[in-house]
Every structure is written in structure tokens, then in C-alpha cells.
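Trainee: For reference, the sequence and a predicted model appear below.
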Amino acid sequence: MDESKETNPSYPNYKWPEGGAQQNCPKCGELLQLNEQRPQYYGKPWWCSPCQWQFSEEDIS
């Protein structure tokens, strides 16, 4: 059974920033990569390649 994030409350439903948004990593200061928002993706929106860490909008603000 394949449930979407919207129908299963156990999956996190992170707030996604507007397209073209940019943020710096709160750990190392490098520019973060904004992941594509897809129904099959359950991770956080922001990715830091040097730190190998994901961030949500809440983590950054």
C-alpha cells in the first residue's frame, strides 16, 4: 500500500520554500541545495552537501 504524506500523519509534511529561494547552511555557511518537492520524497527541503545534513525551514529560521 502506497500512502501519500498528506493522508498519513506519521510522515512529516515540511513547509517548502518558494522556488528559487536560497539559504546558507547554519552549520558551515555554504549555500544549501533546495530539493525538489515530490510526493515520493519524505526528507527535508534543504540539503548541505559538505555537512551531509538536511534542514527544514524551521531548522534554518
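Mentor: That came through fine. Numbering: from 1, shown residues only.
Trainee: ranges for the strands of this structure?
Mentor: Remark: strands assigned in the chain by DSSP state E are 33-34, 46-48, 53-55.
Trainee: Could you list the low-pLDDT ranges of the chain?
Mentor: Of all residues in the chain, those with pLDDT under 70 make up the ranges 1-7.
Trainee: Tell me where it has helices.
Mentor: Taking DSSP state H as the criterion, the chain carries its helices at 57-60.
Trainee: before we move on, the earlier item: which of the strands of the chain is buried the deepest?
Mentor: Here the criterion is mean neighbour count by mean count of other CB atoms under 10 Å, and of the strands of the chain the winner is strand 46-48, at a mean of 20. In this view, the C-beta of every residue, glycine as well, is placed from N, C-alpha and C.
Trainee: Can I get the strands of the chain in CSV including distance to N24?
Mentor: Converted to CSV, these look like this (distance: least, CB to CB, whole Å):
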stretch, distance to N24
strand 33-34, 12
strand 46-48, 9
strand 53-55, 10
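Trainee: Nearest to N8, out of these?
Mentor: With distances scored as CB to CB, the stretch of the strands of the chain nearest to N8 is strand 53-55 (19.7 Å).
Trainee: What sits closest to the residue nearest the centre of the chain if chain neighbours are left out?
Mentor: Geometric centre of the chain, nearest residue: P45, 1.4 Å, by CA atoms, centre = their mean. With CB to CB, 6 or more residues apart in numbering as the criterion, P45 has its nearest non-adjacent residue at 5.2 Å, and that residue is W16.
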